[in-house]
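S.K.: Mind folding the following:
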Amino acid sequence: MFSIPGKQAVSITSAAAKQIAKLMEKDSHQGLRIGVKKGGCAGMEYTMEYVTSVDPMDEVVEQDGARVMIAPMAQMFLFGTEIDYEISLLESGFKFRNPNVTDACGCGESIKFDEKLTADI
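M.R.: All right, here's what the predicted structure looks like:
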């Protein structure tokens, strides 16, 4: 696992924690697992899925009743990321402020990381 002792891989804003906790209440989910996968015009995409059990290899971040699990392969890509939840006139959803992203597509759906991070994928 990629981590620094005493530092969580991601931080969660209070708005995101509130939304995640609300989603966890539905169908008794254990939280949201966040990852990355190849795809999109910039090369990588974030993934989010409900989970019913915690994988022992996941890094777990808990805050204000919210639980986020970081998939093992995604930990190095997400380290230092802030997860927020924004509501605007046209859309609402989770926003990732990730210092590891070097580029993003125009629509904001896919991202690119430093080639050193993605060389082994």
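S.K.: any idea which element residue 69 lies in?
M.R.: For residue 69, the element it lies in under DSSP states H and E is strand 66-70.
S.K.: So residue 17 sits against residue 62, correct?
M.R.: No. With contact defined as Cβ atoms under 8 Å, residue 17 does not count as touching residue 62 (9.1 Å). C-beta coordinates here come from the backbone N, C-alpha and C atoms, glycine included.
S.K.: okay, those two: which has more neighbours?
M.R.: residue 17 (22 against 14; other Cβ atoms under 10 Å).
S.K.: Contact partners for the spatially most central residue of the chain?
M.R.: Nearest to the geometric centre of the chain sits residue 34, at 4.2 Å (Cα atoms, centre = their mean). By Cβ atoms under 8 Å, 6 or more residues apart in numbering, the contact set of residue 34 is 10, 46, 47, 48, 68, 69, 70, 71, 74, 78, 83.
S.K.: got the angle between the helix or strand harbouring it and strand 66-70?
M.R.: Secondary-structure assignment from DSSP H and E places residue 34 in strand 31-38. With axes from the mean of the first three to the mean of the last three Cα atoms, to 10 degrees as the basis, strand 31-38 and strand 66-70 are set at 30 degrees to each other.
S.K.: where does this structure dip in pLDDT?
M.R.: 1-7, 106-109, 114-121 (pLDDT under 70).
S.K.: I'd guessed residue 86 sits against residue 93; true?
M.R.: Yes. The pair residue 86 and residue 93 qualifies as a contact (Cβ under 8 Å) at a distance of 7.0 Å.
S.K.: about what we covered before: what's the helix or strand just after the strand holding residue 69 packed up against?
M.R.: Under the assignment DSSP H and E, the closest C-terminal helix or strand after strand 66-70 is helix 75-78. Contact here means 3 or more Cβ pairs under 8 Å, 6 or more residues apart in numbering; DSSP states H and E; on that basis helix 75-78 packs against strand 31-38.
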